[in-house]
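[1] The sequence and its predicted three-dimensional model are supplied below.
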Amino acid sequence: MVMKHFFLGSLLPSLAIGGEPPIGFEELVALYRSNLTSADLEKVQAIRTLIDLKNVVQLLKNKPLDLRGNFTEKELDEALVNRVELPPYLFDALDEDEKLRNFSKVLIAYFNEEYEGFLKWYFAFEHEWRILIAGYRSKKLGVDPAEELQYEDFHDPLVAQILAQKDASTFEFPFEYADLGDKLKGTEGKPDEQYEAMARYRFERVLEATQDQPFSIDYLLGYLVQLMIVEDRFALDEKRGGEGLNEIVKGDL
């Protein structure tokens with residue numbers, strides 16, 4: 001299987017934020033399906049499940065779905081009716097709120113599942129930057145961060161650090177995320193620049209996490225994530241750009 005990883009790693013074109021993706025998502029997935037083991041493909045599926053969960057909310061709101069998930073709209077609808085194929089805590093949340101207004105509970109539960117390798121790092125990273133952006137956003141809006149983070153574990157050191165800044169005049173990013181704070185400086189009131197900063201930050205962090213192992217499954221998973229970031233940035237229209245950081249936070253936290 002190392003040879004398969006080597007083949008794919010050497011075949012895939014370079015990615016960059018801001019330009020047209022050199023390869024389509026479906027094309028990439030087709031390559032993976034043809035060359036990876038079922039165990040590797042389960043890891044690809046885990047990343048796409050995050051899209052499926054977000055698509056449930058889109059479906060409930062009668063909004064267009066992100067086509068990069070594991071399920072088509074029909075398949076997703078059937079999974080919801082039959083309560084199969086999706087995490088059980090999603091159905092528990094739907095029992096409490098049929099429109100999933102508190103979708104953050106589902107997302108947090110998914111991030112806290114047990115993973116290994118790149119998936120462990122990636123979902124922890126996705127969880128952490130969302131926590132930080134919630135804290136950052138609450139400070140800018142003058143609201144209690146405890147409201148934004150009400151479904152998080154208040155004993156988590158990162159969450160506790162944000163809650164401790166409730167009465168501070170400015171929001172301070174933890175040392176290990178200082179570069180994120182630097183990227184967001186000067187973007188206040190400029191949602192399109194905030195979106196751009198977040199896209200570049202996430203892209204660079206995934207690259208850093210995988211660049212030393214270019215012929216591994218972790219690299220291939222990272223490439224999948226980076227491609228989605230590049231695609232999202234390329235597809236950004238004026239309306240989505242205007243929603244910017246608020247849309248990221250409200251949609252994902």
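    Received, thanks.

[2] which residue sits closest to residue 89, ignoring its sequence neighbours?
    With Cβ to Cβ, 6 or more residues apart in numbering as the measure, residue 109 is the residue that lies nearest to residue 89, at 4.6 Å, once sequence neighbours are left out. Where you see a C-beta, it was placed from the backbone N, CA and C, and this is true even at glycine.

[3] for whatever helix or strand the one you found lives in, packing partners?
    Assigned by DSSP states H and E, residue 109 belongs to helix 104-111. In terms of contacts (3 or more Cβ pairs under 8 Å, 6 or more residues apart in numbering; DSSP states H and E), helix 104-111 is packed against helix 38-60, helix 88-96, helix 117-141.

[4] per-residue confidence averaged over it?
    Averaging the model's pLDDT scores along helix 104-111 yields 95.

[5] again, but for stretch 153-165
    Within the predicted structure, the mean pLDDT of stretch 153-165 is 94.

[6] From the chain's centroid, how far away is it?
    Taking Cα atoms, centre = their mean, to the nearest Å, one finds the center of stretch 153-165 at 21 Å from the center of the full chain.

[7] same deal with stretch 140-148?
    Put simply, stretch 140-148 sits 22 Å off its chain's centre (Cα atoms, centre = their mean).

[8] Could you do stretch 90-105 as well?
    From the chain centre to the centre of stretch 90-105 is a distance of 19 Å (Cα atoms, centre = their mean).

[9] start to end distance for it?
    Using Cα to Cα, to the nearest Å, the end-to-end distance of stretch 90-105 comes to 9 Å.

[10] what does that stretch contact?
    53, 54, 56, 57, 60, 61, 80, 83, 89, 106, 151, 253 (Cβ atoms under 8 Å, 6 or more residues apart in numbering).

[11] ok, now with 10 Å
    Residues lying outside stretch 90-105 but in contact with it, judged by Cβ atoms under 10 Å, 6 or more residues apart in numbering, are 52-54, 56-57, 59-61, 79-80, 83-84, 86-87, 89, 106-107, 109-110, 130, 134, 148-152, 249-253.
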